[in-house]
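Dropping the sequence and predicted coords here.
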Amino acid sequence: MHGASHWQSTPYTVPLGVGAGIFLALGVYLLRRRMERQLVPGATLGAFLLFASGFWMGMYTLELARTDFATKVLLNQLGYIGIAPIPLLWLAYVIRHTDVADIPRSGWLALGTVPVFTIGLVLTNDWHGLIWDGLWLSRESGYVILVNDHGIAFVGYIVYAYVLIVIGIGLLVRELVRADGIYRKQTVGLFLGGLVPAVAGVVYVLGASPVPGLNLPTLAFSFAAATVAWSVLRHRLFTLVPVAWESAVESMQVAAFVIDANGTILAVNPAGEQCLSADRIDAYGRPAVSVLPEPLAEAVEDDDNPSEVTLVCDGEQKDVLVETNFLGEDGDGTGRLLLVRDITKRKARERRLERQNARLDEFASVVSHDLQNPLTVARGYLKLAQETGDDGHFERVEEAHDRMEAIIQDLLTLARQGETLSDLSPVDIGTVAREAWDGVAAEDVTVEVALDRTIMADRGRLRQLFENLFRNSAEHGVGSGSSAVTVVVGAVDDGFYVEDDGPGIPESDREQVFERGYTTHDDGTGLGLPIVRSVAEAHGWSVDVTDGSSGGARFEFRGVEDVQNDAMTKVATD
């Protein structure tokens, strides 16, 4: 009738329109971010999938809203431009997402001919009737719905579509078993977005729809639109690295973290979990600064790349190299891949080499300076002996040679000191101290060993420590005018001490006595106490100088490991 409205309202129009709008809006969102180069590879493919789905749903929304036959048929035909490529686009993105072996380009071209050919048949159906051989309007549901009698070409397309859909769903099921965290949630979104419309399509093709002629797959896409929208906005579907993370990073020994532009943790591989303050799964979606050690969190924002920091992972201090890789097209993405490599051993070697180089410099200084003096003295007295014939000068030459021999022996001792000791064994301190004294046995010096304690130590190095302390007491005690010196080896709570009753060491000199070459004695090499400190540090002990109980020098060694925690310290008294 003239003037009659060609529009109708149905319960399906609003959800279909909303779903179409969501898909189209998400497609625009992805393409807009693509122009800003903030997407990883595969996001453009996802945008095409969203546009195709939104276009199909939009055309069907208008088709339902119209009542006139010609317009419904036209909108139905146009809808195929969206629906025909959807199975292929969906499978292509699933393959990209799951990182399975890609199909050769010739294979994609072959698969792509089917939707193109199908669209051509739809637009020319009036000539051959291969897509549908009958169209009419049904009013059984109370609404005007276009009903199709599908032809043989439509059946062929359905078979093609469901083969691709089933393959894609199978790939996603496999990934659901393997993936975790953000990638599992992304995969669930894709899985539901493909499964629900696929089931609805089976019902529609079998003619089991409760509303004759109603396109159930299109309605099911309304649900899929909500699922995909949630996955895009909440789990960053299409905008994050795909589940290829599993094969590329999960098995790496290097700690790896994926962090988005807002500083949120998106993924962590097993090697990185030990550096987190929370469980790996619980860390997903939380700010990186709240779950990463402070030095590592600061490195994320640092412009220096790579950078070296020191942090504590799993209760252990480590030196690490932090590398930041931007994810996305042309390296300018919304996310960052943070790789943290353990370089503790390398840094330890570097520090050890630096200390060895420093010792070599000091040795060179001693050789060039300290050895030069007695050598010059020896040459001078040798020349005098030759000129005068006085054999008494040879005594001074011998003394100079003895002086050089002492310096050389001390240098060799220092050169052989290791950074750390690995060959430790139970050692009785008292026994080693007595053995060391037997090797020194200086006149007018008495040594009292006032402890019975077994510790973990290198026996040879510990003896060197005592020998140098005893010589130091002899040189600075008796050698400084005292008639006799008594040296006592005793116990403190977590170690032992060696003290004498000589003149002691002025407080102002105590920081210098361990410096190589420093000495206040004419015949001293300045290397004895540095040897003592070197031995202590190699064992992991601390050494301090203080006043002795009788006013002399007292050296305390702490941090000493007893063989038995309940060992009793016995102090002997005269």
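It's in.

Mind jotting down where the strands sit in the stretch 101-250 of the chain?
Secondary structure of the stretch 101-250 of the chain by DSSP state E, counting those that start in this stretch: the strands cover 132-138, 145-150.

highest average neighbour count across these?
For the strands of the stretch 101-250 of the chain, average neighbour numbers computed from mean count of other C-beta atoms under 10 Å are highest in strand 145-150, which has a mean of 17. (C-beta placed from N, C-alpha, C; glycine too.)

just the angle between it and strand 132-138, please?
On the basis of axes from the mean of the first three to the mean of the last three C-alpha atoms, to 10 degrees, strand 145-150 is oriented at 160 degrees to strand 132-138.

Would you mind pulling up the elements that strand 145-150 packs against?
Strand 145-150 sits against helix 69-83, strand 132-138, with contacts defined as 3 or more C-beta pairs under 8 Å, 6 or more residues apart in numbering; DSSP states H and E.

in its sheet, what does the shortest one sit against?
Read it as strand 132-138. strand 145-150 (antiparallel) (DSSP bridges).

Return the distance of the partner strand from the chain's centre.
Its chain's average C-alpha position is 59 Å from that of strand 145-150, according to C-alpha atoms, centre = their mean, to the nearest Å.

Equivalent analysis for stretch 145-163, please.
For stretch 145-163, the distance from its own C-alpha centre to the chain's C-alpha centre is 52 Å (C-alpha atoms, centre = their mean).

And the average pLDDT for it is what?
In this model, stretch 145-163 has a mean pLDDT of 89.

Give me the residues contacting it.
For stretch 145-163, contacts defined as C-beta atoms under 8 Å, 6 or more residues apart in numbering pick out 63-64, 69, 72-73, 76, 84, 86-87, 114, 118, 121, 125, 129-139, 198, 201-202, 205, 211-214.

Now the buried members of the residues you listed.
If you count burial by 16 or more other C-beta atoms under 10 Å, the buried members of the contacts of stretch 145-163 come out as 63-64, 72-73, 76, 84, 86-87, 114, 118, 121, 125, 130-132, 198, 201, 205, 211, 213-214.

Next, check these against the helices and list the overlap.
If you go by DSSP state H, these have 63-64, 72-73, 76, 86-87, 114, 118, 121, 125, 198, 201, 205 in helices.

Take the residues you listed and write them to TSV, including pLDDT and distance to residue 431.
Compiled in TSV, these are given as follows (pLDDT from 0 to 100; distance: C-beta to C-beta, whole Å):
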residue	pLDDT	distance to residue 431
63	90	101
64	90	100
72	91	106
73	92	107
76	92	102
86	86	87
87	86	86
114	94	91
118	94	95
121	94	101
125	92	106
198	81	84
201	79	89
205	75	94
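
Out of the residues you listed, give me the two with the largest separation.
With distances taken as C-beta to C-beta, the most widely separated pair in these is 64 and 114, at 26.9 Å.

Could you work out the end-to-end span of stretch 81-92 for me?
For stretch 81-92, the first-to-last residue distance is 18 Å (C-alpha to C-alpha, to the nearest Å).

any chance of the strands of the stretch 101-250 of the chain in JSON lines, with distance to residue 16 too?
Converted to JSON lines, the strands of the stretch 101-250 of the chain look like this (distance: least, C-beta to C-beta, whole Å):
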{"stretch": "strand 132-138", "distance to residue 16": "18"}
{"stretch": "strand 145-150", "distance to residue 16": "13"}
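
Of all those, which one is nearest residue 395?
Distances from residue 395 to each of the strands of the stretch 101-250 of the chain were compared by C-beta to C-beta, and the smallest falls on strand 145-150, at 122.8 Å.

what number of residues lie near residue 167?
Other residues within reach of residue 167 by the criterion other C-beta atoms under 10 Å amount to 15.

so what does the lengthiest strand in the chain touch, helix or strand wise?
When the chain is parsed with DSSP state E, its longest strand is strand 316-327. Contacting strand 316-327 under the criterion 3+ C-beta pairs under 8 Å, 6+ apart are the following elements: helix 294-301, strand 307-313, strand 335-342, helix 344-369.

Could you give the average pLDDT over it?
Strand 316-327 comes out with an average pLDDT of 79.

And for stretch 431-449?
For stretch 431-449, the per-residue pLDDT values average out at 81.

Determine how far the last residue of that stretch lies from the first.
Start-to-end span of stretch 431-449 (C-alpha to C-alpha) is 9 Å.

Contacts only, for residue 489.
Under the criterion of C-beta under 8 Å, 6+ apart, the neighbours of residue 489 are 429-430, 433, 447-451, 466, 496-498.

Kindly report the same for residue 393.
Applying C-beta under 8 Å, 6+ apart, we find residue 393 in contact with 381-382, 384-385.

nearest residue to residue 556 other than its sequence neighbours?
On the basis of C-beta to C-beta, 6 or more residues apart in numbering, the spatially nearest residue to residue 556 that is not a chain neighbour turns out to be residue 497, at 4.6 Å.

and whichever strand or helix holds the one you found, what other elements does it pack with?
Element membership for residue 497 (DSSP states H and E) is strand 495-500. In this structure, strand 495-500 packs against helix 459-476, strand 485-492, strand 553-558, with contacts taken as 3+ C-beta pairs under 8 Å, 6+ apart.

Tell me what angle the last one forms with strand 495-500.
In other words, strand 553-558. Using the same axes, to 10 degrees, strand 553-558 lies at 170 degrees relative to strand 495-500.

what's in contact with strand 553-558?
Under the contact criterion C-beta under 8 Å, 6+ apart, strand 553-558 has outside partners 469, 472-473, 476, 492-500, 502, 504-505, 532, 536, 541-548.

Whichever of those residues end up buried, select them in PyMOL.
Of those, the buried ones go into a single PyMOL selection, burial set by 16+ other C-beta under 10 Å:
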select buried, resi 469+472+473+476+495+496+497+498+499+500+502+504+505+532+536+541+543+545+548
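
quick revisit: can you redo the helices and strands packed on strand 316-327 as JSON lines, where the extra columns are mean neighbour count?
Conversion of those to JSON lines gives the following (neighbours: other C-beta atoms under 10 Å):
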{"stretch": "helix 294-301", "mean neighbour count": "17"}
{"stretch": "strand 307-313", "mean neighbour count": "16"}
{"stretch": "strand 335-342", "mean neighbour count": "20"}
{"stretch": "helix 344-369", "mean neighbour count": "12"}
